[in-house]
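**Student:** Need a 3D model of the following:
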Amino acid sequence: MGFRRKLRETMARNGSLLCVGLDPDPRQMPAGMGIAEFNRAIIDATRDLVCAYKPNLAFYEAEGLEGLRALEETLACIPPDIPVIGDGKRGDIGNTARKYAHALFDSFGFDAATVSPYLGFDSVEPFISYVKKETFLLCRTSNPSAKDLQDIDGRPLYEHVAFKALEWNVHGNIGLVMGATYPQELARIRQICPEMNLLVPGVGSQGGDLEEVVKRGSDVQGAGVIINVARAILYASNGPDFAAAARTAASALRDEMNEHRPRT
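**Tutor:** Numbers count the residues shown, from 1 in each chain. Model (predicted):
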């Protein structure tokens, strides 16, 4: 099953636009708990509330081989009918990009990946050649310094990325990463790319407005936007009730998103 079908079915089954970012930080986890054990508890507590999971590879690579083993164990815990996005923001020349794509899609088995488009098409093509996988290109990121390069004079760089994404989307498997902290730009990208999936980080700890994201990012079907939240769910508690607290936080976020979804 390809990413898009899996996403649509999970969104419908769970009534959810919520993607839980599996970004385990041992400093914030319950004392003495391993990464895989922590993630398993979060997944078990939220699997009926999400449309996707998104492990950020940095949190696993930072722990060396032990972290990569924890990532493998984590992926094995996620139900196969829920899509998983590998967030590595890879981007390199074609030969290296092919190895990155092979690692993310074949070795780890992610359904989608985040990719930097700034080396041009030959750095993206190895990813989009996996036609059943989704490639989310960095478009307008949520960090405060994004404007240093993404707001260049004339047509902003993020708009150029969106138009290139349309040009490159020959297999219909390109999406865009759009930061929740820039709602006007989010609305503009949705206008340019009305049918693309938008992966939206920045709600919660980074201050993105949930209502704005849902209203400006949703497609005409009231879907098409994958709203990632990590810290506000993972660390709702660092005590023995952490999984129950994560479920409560995830449920509240999912329900709030649904309140703002366009009615079709």
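**Student:** all strands of this structure, in order?
**Tutor:** 18-22, 52-55, 85-90, 112-115, 134-140, 174-178, 198-200, 225-229 (DSSP state E).
**Student:** neighbouring strands for the last one, and are they parallel or not?
**Tutor:** Strands flanking strand 225-229 in the sheet, each with its direction: strand 18-22 (parallel), strand 198-200 (parallel) (DSSP bridges).
**Student:** re earlier: TSV for the strands of the chain, including mean neighbour count?
**Tutor:** Heads up, the C-betas are built off the backbone N, CA and C, glycines and all. Shown next, in TSV, are the strands of the chain (neighbours: other Cβ atoms under 10 Å):
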stretch	mean neighbour count
strand 18-22	26
strand 52-55	26
strand 85-90	23
strand 112-115	27
strand 134-140	27
strand 174-178	27
strand 198-200	27
strand 225-229	27
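**Student:** Burial check on Phe242, number of neighbours?
**Tutor:** A total of 21 residues lie near Phe242 under the criterion other Cβ atoms under 10 Å.
**Student:** Least confident of the strands of the chain, on average?
**Tutor:** Among those, strand 134-140 carries the lowest mean pLDDT, a mean of 91.
**Student:** Tell me which other helices or strands it touches.
**Tutor:** Contact partners of strand 134-140 among helices and strands, from 3 or more Cβ pairs under 8 Å, 6 or more residues apart in numbering; DSSP states H and E: helix 3-14, strand 85-90, strand 112-115, helix 121-128, helix 157-168, strand 174-178, helix 183-192.
**Student:** what is the mean pLDDT for the lengthiest helix in the chain?
**Tutor:** Ranked by residue count under DSSP state H, the longest helix found in the chain is helix 242-260. Average pLDDT, helix 242-260: 96.
**Student:** got the buried residues for it?
**Tutor:** Neighbour-count burial for helix 242-260 flags 242-243, 245-247, 249-251, 253-254, 257 (criterion: 16 or more other Cβ atoms under 10 Å).
**Student:** so where is the stretch 1-150 of the chain shaky, pLDDT-wise?
**Tutor:** Where the stretch 1-150 of the chain drops to pLDDT under 70, the residues are 141-150.
**Student:** make it 90
**Tutor:** By pLDDT under 90, the weakly predicted segments of the stretch 1-150 of the chain are 1, 94, 139-150.
**Student:** coming back round to it: can I get the strands paired with strand 225-229 in CSV including distance to Ala223?
**Tutor:** Listed next are those as CSV, based on distance: least, Cβ to Cβ, whole Å:
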stretch, distance to Ala223
strand 18-22, 12
strand 198-200, 10
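**Student:** So which of these is nearest Arg90?
**Tutor:** Across these, Arg90 has its closest neighbour in strand 198-200 (14.7 Å, Cβ to Cβ).
**Student:** Figure out how far the closest one is from the centre of its chain.
**Tutor:** Here strand 198-200 shows a centroid-to-chain-centroid distance of 6 Å under the convention Cα atoms, centre = their mean, to the nearest Å.
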